[in-house]
Structure formats: C-alpha cells, structure tokens
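[1] the sequence isn't on hand, but the structure is:
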C-alpha cells in the first residue's frame, strides 16, 4: 500500500516527476560525466561537394547540334542483342551523334573548340539524361564565345602518367602536347593551339606513350622509325577500278600510329614518336601536305584490331585493313584512301571501327539510315566501296557516325579504369576564376 500511495502521489504532483528526472540525470552525470570530446564548429573550409557524389561509370554523348548528356553504363548493359539500341534517341530532326565515350562521374572533360580553345568541366555537372532525352546545350557547362563550336571532347581520369594530346587542323597542321599542360583548369578556358586566320581545329586525340618516348619528346627528339617514302602506293585494280581484295595481315602492325584523312581521299599514316611534344598555345608543324581545295576531316589512332571505315558524300562506304596504309613521314601527301570519282563524291567520314559497330548516315535532306558496320564489304585501300545509302536526286551525305556496341562500351570503360589505376598523379581542382596569362590570352 505504501508503494501504491507513493506512485499515485508522483502521478498527481508534477514537481515530483520533474525531480525524479533531474535526480536520474544527476546520477548519469556522476557516473559517466567527463569533458566533451566533440566540438561544434562552423562548416569545414575545404569541404568539397564532390565527396558526396558516388563515383560511377557513365556513357557521355554529344550531338552535332551541341547537346550533351550522360547515362549510367548499366543503361546500355541492359539492352538485348539484335535490338536497335538507345544511343541517339531523342535527338532533333537532322541532328546526329558527334561523339560517344565512357568516363567516371569524377573525371574531367577537356572540351576543345574549332578556334583552338580548351575548357574544363566535370562529368557529374552534366545532366543525367533519359533514354529519349536529347540532353542540354553544352554552352550551359563551358563558356563558349560567339562562333565557337566543339571539335572534340577528351575524358581525363588522371593528369599524370605518360599521355599526350594529338591535335590536327583543317589545313593539315599537327601538334603534340603533354597532357599535364592541361592539369590546371580555368573557368574562362585557355588557348590550346595557335591557329592561322583561315584554319580551324578539327580533332584532338588522347594517346599513351612509353616513358622513353615521353622523355625523348621532352628533349625535342624524334625517335627514328622505319617509314616508306611518300609516293603513290601501287595497288592492283580490277576492271571496275576497285582495289585488290587480297587479305592483308594487320596483326604485326606498329602500335603507335596516327592516321590523318582528307576530304579528297588522301590518308597519311605516321608514328606518334615522329612528332616532338610542344608547349601549350604553340602553332604546330605540317602534318600532311594538302592539294588545292583539299582539307583534313579527321584523325584517329590506328589499331591493328580495327578497320578503317570511309564514307563518301554520294553514299558509298568501304572498310579496309589498317596494314594496307603504308607508314610515311609527316608532312607528305600520304597515300590514296578512296578512289574519288564523280560517282563517289568527296569523303565525309573516316574512322577506325570494330566490326560490331553500327554506322549512322545522315543526308542533307534529313534521310537517316543505321546499318551494321560488318555489312560493308572489306575492300582494297583505293577502292570506291559499295553503296551504303540510296539518296534522292541532288541529295548528299552530310554526316556519318560509327556507334560502338554495348560490349565495346563496357570494354572501353574497363580499359579506362585500368589505365587510371596505373597512372600516376591526381585530379586537379575545379576550374578557378584565375585570370589568364599572356600565353593564354586570345
């Protein structure tokens, strides 16, 4: 009864309930109390929002009209074989994919424009698109000036190691720079290469070299390689003027070759080591000697496990073995890549492709076709190729794009992660507002 009366008194009197709580707190403090081990302060000054962003593999696409977006790589893994795929979905009429590649959300994108400028942005700044979304204009992420168009985007996981950027311009000028020269981002961009008044930057390619090659290039030395003198390479032709279809073995090719391709059907293959590295903002040297009315339309890293795909403005296309293109010194005229005739028209697209790629061809009148690359016959180097698209009268091919398969995208992603793991150096800080030096001023 005593306990019952006491409990009823506690329930009835608030002051007793408060006192019991205070006594309990005093007992806890007496037993466990000590000085505070944590401090409450203002936010840490070096806090980086990137720490809260998970590092994930992404597929980035850029359209010819300048729309960019990213998609998780799992989006592509989920596709079944034989389907049409989702790359390019949601683009406007007469727009097409300019480039597609994989990279990490924490990687930098080096954005190069036709005026020779370089800008930086992080992959996670790009909008994560949907299957049918067209993305957002790239001008929302880099400060392009009037008249500037994106010529190339190079994903960079690490700025260390032995990597170089290869540049080529419309007039055939080439340049080679150490990737580390671009390790200090600036929000306003920098002058990557100095161009002549009537010239434009066409392509930028990231290539890996050995430590010996990098050291030699830094000393201004050009490693000697066995080349063939610049002369028209003879090749058997059949009655239709097509090159010989005899098989060519590309398995023993050199691994450090670049190819420059032109509108009038020329191609020059030269070793990366045959060009010394230069400083940022330099002009470069002659890469290919162009005939009157000719211009460079592309440059790529020539690899033995790929084929050289060429598309002409009248809808003809061909694939050729890379070993069919003899190595010549830079500065020459190169060798014939396509037998240009009135039937074929000029070359509009050349690239290095794997057999399971898809080829998308777009005409000036808006006609679009998507075909497997391996449906295009493997022919000789100077052949005219086969009809890839039937065009209406007075219509021409405006553009073409080679799209990798889902398996190729996954392979590229794995190779990128492996290279980043072996590369020395770290990612730079975010682009700063630091004013440009005289070297970088326009």
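    Ah, there it is. Because the structure is a prediction, the values reported are computed rather than measured. Residues are numbered from 1 along each chain as shown.

[2] mind listing what residue 308 touches?
    Listed by C-beta atoms under 8 Å, 6 or more residues apart in numbering, the contact set of residue 308 reads 259, 267, 302, 319-322, 324-325, 337, 350-352. To be clear about C-beta, it is placed using only N, CA and C from the backbone, and glycine gets the same treatment.

[3] run through the chain and note the low-pLDDT ranges.
    For the chain, the stretches with pLDDT under 70 are 43-48, 75-96, 131-132, 209-254, 406, 409-410, 412-442.

[4] one step back: report the two of the contacts of residue 308 separated the most.
    324 and 351 (15.8 Å; C-beta to C-beta).

[5] looking at the chain, which helix is longest?
    Identified as the longest helix of the chain according to DSSP state H is helix 14-32.

[6] tell me what that one is packed against?
    The contact analysis (3 or more C-beta pairs under 8 Å, 6 or more residues apart in numbering; DSSP states H and E) places helix 14-32 against helix 2-12.

[7] if we go by neighbour counts, what in the helix it packs on is buried?
    Within helix 2-12, no residue counts as buried by 16 or more other C-beta atoms under 10 Å.

[8] then stretch 152-161?
    152, 153, 154, 155, 156, 157, 158, 159, 161.

[9] I'd like those laid out as JSON lines, including secondary structure.
    Shown next, in JSON lines, are the buried residues of stretch 152-161 (DSSP: H, G, I helix; E, B strand; the rest coil):
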{"residue": "152", "secondary structure": "strand"}
{"residue": "153", "secondary structure": "strand"}
{"residue": "154", "secondary structure": "strand"}
{"residue": "155", "secondary structure": "strand"}
{"residue": "156", "secondary structure": "strand"}
{"residue": "157", "secondary structure": "coil"}
{"residue": "158", "secondary structure": "coil"}
{"residue": "159", "secondary structure": "coil"}
{"residue": "161", "secondary structure": "coil"}
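
[10] any chance of the residues you listed in JSON lines, plus distance to residue 179?
    Shown next, in JSON lines, are the buried residues of stretch 152-161 (distance: C-beta to C-beta, whole Å):
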{"residue": "152", "distance to residue 179": "14"}
{"residue": "153", "distance to residue 179": "14"}
{"residue": "154", "distance to residue 179": "9"}
{"residue": "155", "distance to residue 179": "12"}
{"residue": "156", "distance to residue 179": "7"}
{"residue": "157", "distance to residue 179": "11"}
{"residue": "158", "distance to residue 179": "9"}
{"residue": "159", "distance to residue 179": "6"}
{"residue": "161", "distance to residue 179": "8"}
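
[11] next, residue 189: phi, psi?
    Per-residue torsions, residue 189: phi 80, psi 170 (degrees, to the nearest 10).

[12] what about the nearest residue to it once chain neighbours are set aside, how many residues nearby?
    The shortest distance from residue 189 to any non-neighbouring residue, by C-beta to C-beta, 6 or more residues apart in numbering, is to residue 119 (4.3 Å). Around residue 119 there are 25 other residues, counting by other C-beta atoms under 10 Å.

[13] before we move on, what about residue 277?
    20.

[14] go on, residue 145?
    There are 12 residues near residue 145, going by other C-beta under 10 Å.

[15] assign it to helix, strand or coil.
    Per three-state DSSP, residue 145 ends up coil.

[16] in this structure residue 367 contacts residue 396, no?
    No - contact between residue 367 and residue 396 fails when scored by C-beta atoms under 8 Å: they sit 10.3 Å apart.

[17] for residue 347, give its distance to residue 308.
    Counting by C-beta to C-beta, to the nearest Å, the gap from residue 347 to residue 308 is 11 Å.

[18] what angle do the longest helix of the chain and helix 2-12 make?
    Helix 14-32 runs at 100 degrees relative to helix 2-12, counting by axes from the mean of the first three to the mean of the last three C-alpha atoms, to 10 degrees.

[19] how far away from the center of its chain is helix 14-32?
    Its chain's C-alpha centre and that of helix 14-32 lie 66 Å apart, by C-alpha atoms, centre = their mean, to the nearest Å.

[20] list the buried ones in stretch 184-193?
    185, 186, 188, 189, 190, 191, 192, 193.

[21] list the ones among these that fall in strands.
    Residues of the buried residues of stretch 184-193 located in strands (DSSP state E): 190, 191.

[22] now the residue minimising distance to the centre of the chain. Nearest residue, chain neighbours left out?
    For the chain, residue 154 is the residue whose C-alpha lies nearest the centre (C-alpha atoms, centre = their mean; 4.0 Å). Setting aside the residues directly before and after it, residue 154 is nearest to residue 110 in space (C-beta to C-beta, 6+ apart), at 4.4 Å.
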